[in-house]
Structures are given as C-alpha cells and as structure tokens.
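A.B. asks: from the sequence below, what's the structure:
(chains A and B)
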Amino acid sequence: MKNSRQDRIMSVLFYLFTACFAAACLYPFWLVLSSSATAEVTLLRDGYRLFPEQYSLAAYKAIFSSSTIPDAYLITIFITVAGTALSLLVTSMAAYALSGRRLRFAPHISLFFYFTMLFSGGMVSSYILITKYLHLGNSIWVYILPALLSPWNMFLMRNFFNDIPKELFESAKLEGAGEVVILRSIVLPLSLPALATIGLFYALGYWSSWMPAMLYIDDTKLFSLQYIIMQIIRNVDMAQNIAVAGAQSTAQIAPAYTVRLATAIVTVGPIIFLYPFLQRYFVGGLKVGAIKG
Amino acid sequence: MSRKIKSAGLRDLIYNRYLYALAVPAVLFSIIFAYLPMIGVSIAFMDFNPLKGIFGSEWIGLDNFSFFFRGQAWIQITLNTVLYNISFIVTGTLMSLTLAIMLTELGRNWLVRTMQSLMILPNFISWPIIGLFSVAFFTADTGVINSLLVKLGWETIAFYTDPEVWPPILVLMNLWKTAGFGAIVYMAAIVGIDKELYEAARIDGASRLSCIFRITLPLLRSTVVLLFLLSMGNIFGGNLDMIYSLVGDNTFLFRTTDTIDTYVFRALRTSGSMGMTQAIALYQSVVGFVLVIVANKVASRLDKDSALF
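C.D. replies: Here you go, the predicted structure:
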C-alpha cells in the first residue's frame, strides 16, 4: 500500500511539473496572438493582455493589403517547398548509399561528411565564395543551395535505413531491380517516420532562414519573412510603413504596434499547423546513433 | 567481367557503381559549400583585398592573429561563448531528461499528449519571431514584465541597457525553446528499453523512483554522452541566430552578450578587414575541432559505446 501512495504522489508531482512547463511554453504565444488581435488603442492603453477588452483585426487587414508581407510569404513558401524537396532527395540518396555497410568506402565517405560537422571554413570564406565566385548574390537560390545538405540529417536517415531488413532489397536486386528503383519503391515507403521528421527539420530550417537575406540580398522583392521580422525588430518605421500602406483610411491610427505582433503570428505560419500531425513520427524517426554505426 | 581486376577497392567501385553514384550529389554539395570555404581559411594569413581575390592578395603571416589576440575583446567573447554553451548544454540536458522521464512515467493519455505538443511548440518558432515576442516582454515601460513589476511596487528593469540581466534570460529562453523537443530524443531512447526489466524490478519490490534511478538513467547514459559530445563540437560556435535575434547590435549589452559568432558576423558586415575576421573564425574552428577530438577520446575511454568515431 505504501508503494502505491508514493506512486500517486509522484504522479501528481510529475503532472504539476510538466503542466507548468507546458503552460510556460504556451503563454507567450497566446499573449502575442491575443494582443495582435487587439484594437491598437486598447493595446496602447491596457498593455498586453491574455484576454483583451476590444478585439480588432485591423492589423491583419493592414498586413494583407500592403504587399510587403504577402510577397515575402510567397518567397518563403518557395524556399521551403523547393528546398525541402531537394534536400530530402539528396539526403536520402546519400543515406541509402551509405546504409547497411554495403560499400567498401562507406566509412571513408561517412568521415568525409562528418568532418564538415567538425570543422568549417567560417562565415567569411563562405561569403566570399558565394558572392565572388558562385555569384549567388541577389538570387533566391542563395537561401537553398548552401543549406541543401545537413550531414546530421543524413546520418539520422542512414541510421534509420540501417534498420530496414537487408533481405527486403536483396531479393529485389536478384530480380533485377536497380538501386534507384529499390530506394524509391521499397526503402522510402518504409521510412515515412524518418522522412517526416527530417523533412520537417529541413522545412523548419528553410522557413526560419534570414541570414542569407541579410548578407546576400538587396532586392526587397526577394526578402524572406524572417528577414522582414528582423527589420521590424530593429526598425520601428518598418511596421509603421506596413501599417500605413495597409490602413483602410487615413483617418484611423495606423496600427503599428499590433502590426508588429500580427506579422510575428503570420510568420509562425503553416509549420505550427503541420507539426501536430507529424509529431507521432518523431519518436520513431529520431534514431540518434553514432556516426560510425 | 572478362579481365580480372586486381584492386579490391576498384572492384567495389565498379560493382556498386550505381550505389556510389547516389552519393555523388551530396558529396558535390559538401565539396562546394563546406570544403571550398576551407581553402578560404588562407585569407586569415592575408591582407585580403576583395578586388584582387584569394589568389592575388598579399600574404602577411600571423599579423591578423596578433592584432586580434593583442586586444581585450577575444578574452571576453571567448568566455561568453563557452559559458553560454556550457550552461545551455547542462541545463538543457537536465531539463530534457527530467521532462522525458516524467512524461513516460505518466503514460499516454490525452493530457500528456497535449502537454507534449505544447512543450515542443517553441521549437517550431524561429528566433527572429521569438525576438519580436520578447520585445513585448522586455520593453521599458509597456512590457509585460515591467508592468508586473510596477504593479507589485518593485523597481523596473532596463532590459535593453542592463547587461547583467541577459545571461539568465538567455539560459531560460534557450530552455524554453529547446528542452521540450530535446525530451523527445530521450523519450525515443526510453521507448527502446526492455519493458521486462521494469516488470522484474517491480516484482522484486523496487519502487518507481528506484526504477528510474537504477534502470532508466543508467540505460540512457550512452545517449546522454553521445548528445553531449555532439554539442561539445559546437561549444565554440553557435547561438548567432538566437543572440542576434534577441539583442542585435546593441552595444550596451556587448559585455555579456557578445560571442565569437556575433563578433564575426558584425565584423563581416561592418569592418574593412576580411583577413582579420577570418582569423577569428579560424581560431574558433580550430579550438572547436580540438575540443571534439578530446571529448571523443575521453568518452571512448569511459565507455566504448559512447564514442562518436
């Protein structure tokens, strides 16, 4: 009996602790969400409230009537979709080649990739390479190409492929199927958890990308959403401009403060709707193993 | 094959040519975007002139390094970088482990699943957005925290001019963003533990708490060590995304918030000397590299399964 009482106390404590942490994770998000949907005057008067007195969608209307955010949205969606697709393709091909210890040089190739995780040439030489030799400045591909392959994700995927029974593709090979066919029709369909998890990692990386815009892009039409956010943080006029450009009439106050918050909410974007559906794959997809494996 | 090929390596290359071909695109991308910049490391030893390029600039030996190490800045940014990373790794690991163990102990029900979804929510919010959120909390008079302090009759905090408050803030924000997702990695490892171990222990009268300390934690050791090692490689880098999004180029806060990465990033955008900036970046890469190798040596001595390579 003593044991079960101790168990119950433990459960209560565990619930308390995890619930507090979960609430802390939700709180800022909720606060910004509700504040962004507050009337500008109310926000200026009452400050940030979880449940504001007067709701208003003026900020969201302003955002979508000026062109800055919608343009950046299209750019960001392109980067995320094209980038994730290309990354998954290149990553899964390499991961498949290195899986199952079939290649004599697999350890060497692994080390080749692993070394790039340990040692980097640094920001300066990448900058010179990209601007001076590859001429990727002011190109949308500068968001995608340098980030295309993450060795860490490649190793995660290879570890997952390693666990697929070899017999499955060896018999297909005996029947004359090529490696590409085996990868596409046997290995990938069996690896949905890994593809979902790693695809989400890549998508998140591309969606959050702002540094390329800051370093390599001058053309405002090619700015990503996150870079717009960066500018809004550093520069109050930016939100003011969006608010004024999108305001319904000149008589109203331009909703500059709520526009800042609404931009943040809009930028969090589709990812937030995506991850609860992919979540069930995470535990299966995250096989952290040694590089040597 | 009519002719016998002598070298086993060459034979493997030919026999598995399609498999090797699949790795080629990834290898090419690594060469272009990871290995070519390593050649650029040589800029650190040059009086680099962008017009003349890497092959036309003048070699000046170690001048770039001696300039950097003669100043005071390097001590501070190195200390900041290392201390932040160590506190992130230690607090993050402890919190993630705690959450993972608690969540698995609680079992699967809708409440636990909801809490878990909420915990990983911050992981999907980028640092720039968090930076914008944080303004709502830290602004001088209208911010959430200062409004609360005023209501309580306490003194307000000037977040954007007071460097002292940032170390705890950054540690907490890092926990907030990463601990929930980190827990999933450990949960994946806990799922792999044989359930019979727990059943046997329970029959022998072990309490839940001693199951955690005698079974779960020891079996998680190699995962913890592995993840720790992986983060060791980054102990000299990282956090640019976070720190730049939260404090930007705020000179008031440099004393506690300037790290090697933010220093290099700022120098790249503002200073004239690419050679000097590259020298700092090289210092960062080399020390980071040595640390990983040492950490791996230590780990393989302690526990063979934990070593990375």
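
A.B. asks: doesn't A:Trp207 make contact with B:Ser126?
C.D. replies: Yes. Between B:Ser126 and A:Trp207 there is a contact at 7.1 Å, judged by CB atoms under 8 Å. For every residue, glycine as well, the C-beta is placed using N, CA and C.

A.B. asks: name the residues contacting each of the two.
C.D. replies: Here B:Ser126 and A:Trp207 have A:Gln226 as joint contacts, going by CB atoms under 8 Å, 6 or more residues apart in numbering or on different chains.

A.B. asks: now do the buried residues in stretch A:175-186.
C.D. replies: Buried residues in stretch A:175-186, defined by neighbour count with 16 or more other CB atoms under 10 Å in any protein chain shown: A:Ala177, A:Glu179, A:Ile182, A:Leu183, A:Ile186.

A.B. asks: wait, stretch B:139-146
C.D. replies: Per 16+ other CB under 10 Å, stretch B:139-146 contains these buried residues: B:Thr139, B:Gly143, B:Val144, B:Asn146.

A.B. asks: residues contacting the spatially closest residue to A:Ala39 that is not a sequence neighbour?
C.D. replies: Closest residue to A:Ala39 apart from its sequence neighbours, by CB to CB, 6 or more residues apart in numbering or on different chains: A:Ser56 at 3.8 Å. Residues counted as contacts of A:Ser56 (CB under 8 Å, 6+ apart) are A:Ala37, A:Thr38, A:Ala39, A:Glu40, A:Thr42, A:Pro255, A:Thr258.

A.B. asks: now the residue of the stretch 101-250 of chain B found nearest chain A. Nearest residue, chain neighbours left out?
C.D. replies: Nearest residue of the stretch 101-250 of chain B to chain A: B:Ser126, at 3.6 Å (CB to the nearest CB). Of all residues not flanking B:Ser126 in the chain, A:Ser208 sits nearest, at 3.6 Å (CB to CB, 6+ apart).

A.B. asks: number of nearby residues for that neighbour?
C.D. replies: A:Ser208 is flanked by 24 other residues according to other CB atoms under 10 Å in any protein chain shown.

A.B. asks: next, A:Tyr55: phi, psi?
C.D. replies: Here is the backbone geometry of A:Tyr55 (degrees, to the nearest 10): phi -80, psi 150.

A.B. asks: what does the pLDDT read for it?
C.D. replies: Listed pLDDT for A:Tyr55 reads 83.

A.B. asks: how about B:Met274?
C.D. replies: pLDDT for B:Met274: 84.

A.B. asks: now do the contacts for it.
C.D. replies: B:Met274 is in contact with A:Val124, A:Ile128, B:Ile43, B:Phe48, B:Pro50, B:Leu268, counting by CB under 8 Å, 6+ apart.

A.B. asks: go again using 6 Å as the cut-off
C.D. replies: Contacts for B:Met274 (CB atoms under 6 Å, 6 or more residues apart in numbering or on different chains) come out as A:Val124, B:Phe48.

A.B. asks: likewise for A:Ile232?
C.D. replies: With CB under 6 Å, 6+ apart, A:Ile232 has these contacts: A:Met238, A:Ala239, A:Arg260.

A.B. asks: what subset of those residues is also close to chain B?
C.D. replies: When contact is defined as CB under 6 Å from any CB of the partner chain, the contacts of A:Ile232 do not meet chain B at all.

A.B. asks: then stretch A:62-74 to PDB, C-alphas only?
C.D. replies: Provided in PDB are the C-alpha atoms of stretch A:62-74 (Å, rounded to 0.1, in the frame of the first residue of the first chain):
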ATOM      1  CA  ALA A  62      -3.300  46.000 -42.900                       C
ATOM      2  CA  ILE A  63      -0.700  43.300 -43.400                       C
ATOM      3  CA  PHE A  64      -2.500  41.700 -46.200                       C
ATOM      4  CA  SER A  65      -3.400  44.900 -48.000                       C
ATOM      5  CA  SER A  66       0.200  46.100 -48.300                       C
ATOM      6  CA  SER A  67       2.400  44.000 -50.500                       C
ATOM      7  CA  THR A  68       5.500  43.500 -48.200                       C
ATOM      8  CA  ILE A  69       4.300  40.500 -46.200                       C
ATOM      9  CA  PRO A  70       2.400  38.700 -49.000                       C
ATOM     10  CA  ASP A  71       5.400  39.000 -51.300                       C
ATOM     11  CA  ALA A  72       7.800  37.700 -48.600                       C
ATOM     12  CA  TYR A  73       5.300  34.900 -47.900                       C
ATOM     13  CA  LEU A  74       5.500  33.600 -51.500                       C
END
